[in-house]
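Chemist: with the input below, show me the fold.
(4 chains)
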There are 2 protein chains.
Amino acid sequence: MKKKITLKQIARELDVSISTVSKALKNSKEISKDTTEKIQAFAKLYHYKPNNIALSLKNRRTRNIGVIIPDIVHHFFTTVFRGIEQYANTKGYNVIACVSDESFEKEVINMELLANGSIDGFIMALSAETQLKNDFHHLIEIIDQGMPLVLFDRVTDEVICDKVVINEVICDKVVINDFEASYMAVKKLIENGRKRIALITTESYLNVSEKRAQGYYKALEDHDLELDENLILRLPYQFEDETMSEAFFASNNLDAVLCVNEIFAVRAMRIAQNNGMKIPEDVAFIGFTDGILSKLANPALTSVAQHGERMGNIAAKMLIEKIERDDEIERDDEIETEEESFRTEVIKATLIERESTIN
Amino acid sequence: MKKKITLKQIARELDVSISTVSKALKNSKEISKDTTEKIQAFAKLYHYKPNNIALSLKNRRTRNIGVIIPDIVHHFFTTVFRGIEQYANTKGYNVIACVSDESFEKEVINMELLANGSIDGFIMALSAETQLKNDFHHLIEIIDQGMPLVLFDRVTDEVICDKVVINEVICDKVVINDFEASYMAVKKLIENGRKRIALITTESYLNVSEKRAQGYYKALEDHDLELDENLILRLPYQFEDETMSEAFFASNNLDAVLCVNEIFAVRAMRIAQNNGMKIPEDVAFIGFTDGILSKLANPALTSVAQHGERMGNIAAKMLIEKIERDDEIERDDEIETEEESFRTEVIKATLIERESTIN
DNA sequence: TATTAACACGAAACCGTTTTCGTTGTTGAC
DNA sequence: GTCAACAACGAAAACGGTTTCGTGTTAATA
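Modeler: Numbering: from 1, shown residues only, chains lettered A, B, ... in the order given. Predicted coordinates for the structure are as follows:
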């Protein structure tokens, strides 16, 4: 077992100084050709690689980015994660992953842990509990420390106070146009002749669910369909099948269902089928999150693609740009504080039509 | 924007030395009560937290563990990941995630990157390409450097040469009993009266698929069923639906199918159903990986649970134990080199019976 | 021949901690 | 009054690099 070799050891072995070794390995022209070759040969032989930790300390940059997501066994989040990882890797960054498990406390703890030097910036989606509590002090603190932060999907909303937008959490964001996507989906159903369109959603503190519900309301309204509260089913985020009663399908005479995620949709389809309904003849289904479930469901589910991978790419791009811009500013002696700007990138969702709506 | 405060700044501000601050914050009795209180109050006020990078450099321990998996948008791997993350967090470790994307090269690059000080140990599942090439020099190098390594699921096999076990990659491993699980699944089908049992698997370089195939062979043999090559379908890992021909189901008169993963199973079920076959009356299905697809398929899929979360827990436990044991040894002056021991932990898979086999 | 520039290298500071080993100043014992 | 013991603190090394700024040697120039 040979531990990794250091500059110091190379220096001692070749009887030169540490600085000489360091310079030689970077092909500095300060060092003679002979010495350089000798050192490089030796370094290669012993597989010398500079120690990342030492570099991080020196440069005050880790080339790590922290990603905090509510759940890892979750198609959409992993898709975003993949997008982040992909982009980050091409730029020479590593990803440190933490899972908040939908818990406020774990989110806070994880952030504090990572914020103490381990990473150069955060990309995260808020936990359900955080959204419920509406407590963002940990985010604000992070931002205050000058640590770049990008929120995606589950972001904080603008807080409007006396007609003034007071958005406490000022940072870059990446979202999809949930409202419009939902609106278009419902519009599509209406155009297909559906009249009794149900909505299956989560309890409403989840930001995205709420926006999707809003799109649903607006679409109904714009097409002169009455909003029937009986057609709206609000389920806990993690629910058991019994919660979704067959009665909902049997008694409501519904002919279409919009679900805020694909799991709800696939479960609902099963219950409807068991209830003797034909899909899409009797009832059409549209879900959100175009994941593997949508593709492999029977019938295949029409679904709103959220383009998670692209979202991840963009989030990573925004973060890394900010990190490297900060880097430059720090190097510049001229402290020309160009006003920081924060963007909210909106990705357009697209409806993938499959068997559950096409007849 | 206030950057994080350091010991040095506290020291300057309070007009004491850095060492005094450091000691005071750890309640060293070397420092007077007065000074200690003053320093702690100041530190608290400015939210002082020690810099992880500096600590890592000093302690030569990062409290990070590197996880390399072939794919992140993958139910089983994310389950394991969750298990790793869970356990690691309780022990104060963070997880750095890298995705090899089933590519040998990316696997090597990621490992080299992480191995230079960023982490204290690896947990990984081999990429498909790595298994195909049978090239493990990167693993051996890592082990040689004294970096703890735990393989899970996709592990290296023992290489047997002249009746001597030459397993080049000597490290801890966590696997499930693929052979037995497959055997039991087929046995169950046979006991249910199935006689023409098909196997849908991947191309055979994937270690686990091969073991599952072996279990299938053995079960047939032990129950005096002939092995019919026509009943075995080998598909590329990522395949299009067209590859899985309806002819396979139509012409083979089969009455049961064992699939090495749930995606294959769900797709196969669809094709069979489209072919007019009733599940489970005409044909029964069993898949591997008891994921969300199995639960939500229609009919629900009987599936071999691989207990990914437990696997992750155990892998993390094994790794962290090794890391901390190394730690102790390093601290010990007595260099009593107790022979290193490596374990292969086998997790027992369990068959979750659902509608696709029960009639 | 004296000056100087180029060359090749080393010393030391620095990143932010921890920790060992002094170094003071005070107190108590003899 | 001397000495040891102790309390309270600081200096410095170490972790593994990078980088600035010398410094000594040689060769070219005036």
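Chemist: what's the spacing between the closest residue to A:Cys98 other than its chain neighbours and B:Val283?
Modeler: Closest residue in space to A:Cys98, ignoring its immediate chain neighbours: A:Asn110 at 4.0 Å, by CB to CB, 6 or more residues apart in numbering or on different chains. In short, each C-beta sits where N, CA and C put it, glycine included. Per CB to CB, to the nearest Å, A:Asn110 is found 47 Å from B:Val283.
Chemist: same check, this time on A:Asp71
Modeler: Going from A:Asp71 to B:Val283 by CB to CB gives 35 Å.
Chemist: who has more neighbours, the two?
Modeler: Under the criterion of other CB atoms under 10 Å in any protein chain shown, the comparison of A:Asp71 against B:Val283 puts B:Val283 first, with 24 against 19.
Chemist: quick one: contacts for A:Asp153?
Modeler: Contacts of A:Asp153 were listed using CB atoms under 8 Å, 6 or more residues apart in numbering or on different chains, and they are A:76, A:80, A:125, A:174-176, A:208, A:306, A:311.
Chemist: so for it, what's the pLDDT?
Modeler: We note a pLDDT of 96 for A:Asp153 in this prediction.
Chemist: quick one: residues contacting A:Asn192.
Modeler: With the criterion set at CB under 8 Å, 6+ apart, A:Asn192 makes contact with A:256, A:284, A:357.
Chemist: isn't the second one up against A:Ser356?
Modeler: Okay, so that is A:Ala284. Yes: distance between A:Ala284 and A:Ser356: 6.2 Å, which falls inside the contact criterion (CB atoms under 8 Å).
Chemist: overlap in contacts of these two?
Modeler: With contacts defined as CB under 8 Å, 6+ apart, the residues adjacent to both A:Ala284 and A:Ser356 are A:Thr302.
Chemist: ok, now which ones touch A:Glu129?
Modeler: Residues counted as contacts of A:Glu129 (CB under 8 Å, 6+ apart) are A:102-105, A:107.
Chemist: same thing with A:Ile320?
Modeler: Each residue near A:Ile320 by CB under 8 Å, 6+ apart is listed here: A:65, A:87-88, A:91, A:93, A:121.
Chemist: so A:Cys259 sits against A:Leu293, correct?
Modeler: No: with contact taken as CB under 8 Å, A:Cys259 and A:Leu293 are classed as non-touching, separated by 11.1 Å.
Chemist: shared neighbours, these two?
Modeler: Counting by CB under 8 Å, 6+ apart, the contacts common to A:Cys259 and A:Leu293 are A:Ala265.
Chemist: with neighbour numbers in mind, choose between the two.
Modeler: Each of A:Cys259 and A:Leu293 has its neighbours counted (other CB under 10 Å); A:Cys259 has more, 29 against 24.
Chemist: which parts of the stretch 51-200 of chain A are strands?
Modeler: For the stretch 51-200 of chain A, applying DSSP state E, counting those that start in this stretch gives strands covering A:64-69, A:94-99, A:121-124, A:149-152, A:160-161, A:164-165, A:172-176, A:197-202.
Chemist: spell out which residues of the stretch 151-300 of chain A are next to chain B.
Modeler: Counting by CB under 8 Å from any CB of the partner chain, the residues of the stretch 151-300 of chain A lying close to chain B are A:263, A:266-267, A:269-270, A:273, A:292-293, A:296-298.
Chemist: buried set for the helix or strand where A:Arg270 lies?
Modeler: Remark: A:Arg270 resides in helix A:262-274, with elements defined by DSSP states H and E. Applying a neighbour-count criterion of 16 or more other CB atoms under 10 Å in any protein chain shown, one finds A:262-273 buried in helix A:262-274.
Chemist: can you put these in TSV and add pLDDT and distance to DNA strand D?
Modeler: Listed next are those as TSV, based on pLDDT from 0 to 100; distance: CB to the nearest atom of the strand, whole Å:
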residue	pLDDT	distance to DNA strand D
A:Glu262	95	48
A:Ile263	93	48
A:Phe264	93	52
A:Ala265	95	53
A:Val266	94	52
A:Arg267	92	54
A:Ala268	93	57
A:Met269	94	57
A:Arg270	91	58
A:Ile271	90	60
A:Ala272	91	62
A:Gln273	90	62
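Chemist: list the contacts of A:Ser127.
Modeler: Taking CB under 8 Å, 6+ apart as the contact definition, A:Ser127 lies against A:70, A:100-104, A:106-107, A:154.
Chemist: from the residues you listed, which single one is nearest B:Leu225?
Modeler: Of all those, A:Asp101 has the smallest distance to B:Leu225: 46.2 Å, by CB to CB.
Chemist: returning to what we had before: surely the residue nearest to A:Cys98 meets A:Ile69?
Modeler: No: the pair A:Asn110 and A:Ile69 does not pass the contact test of CB under 8 Å, sitting 10.3 Å apart.
Chemist: where do the contact lists of the two overlap?
Modeler: A:98-100.
Chemist: so for whichever helix in chain A runs longest, what gets flagged as buried?
Modeler: As far as residue count goes, and with DSSP state H defining each element, the longest helix of chain A is helix A:308-331. Of the residues in helix A:308-331, those buried under the neighbour-count criterion (16+ other CB under 10 Å) are A:308-320, A:322-323, A:326.
Chemist: can you give me how far the next helix or strand after that helix is from the chain middle?
Modeler: The element immediately downstream of helix A:308-331 (helix or strand, assigned by DSSP H and E) is strand A:344-347. Using CA atoms, centre = their mean, to the nearest Å, the distance from the centre of strand A:344-347 to the centre of the chain it belongs to is 12 Å.
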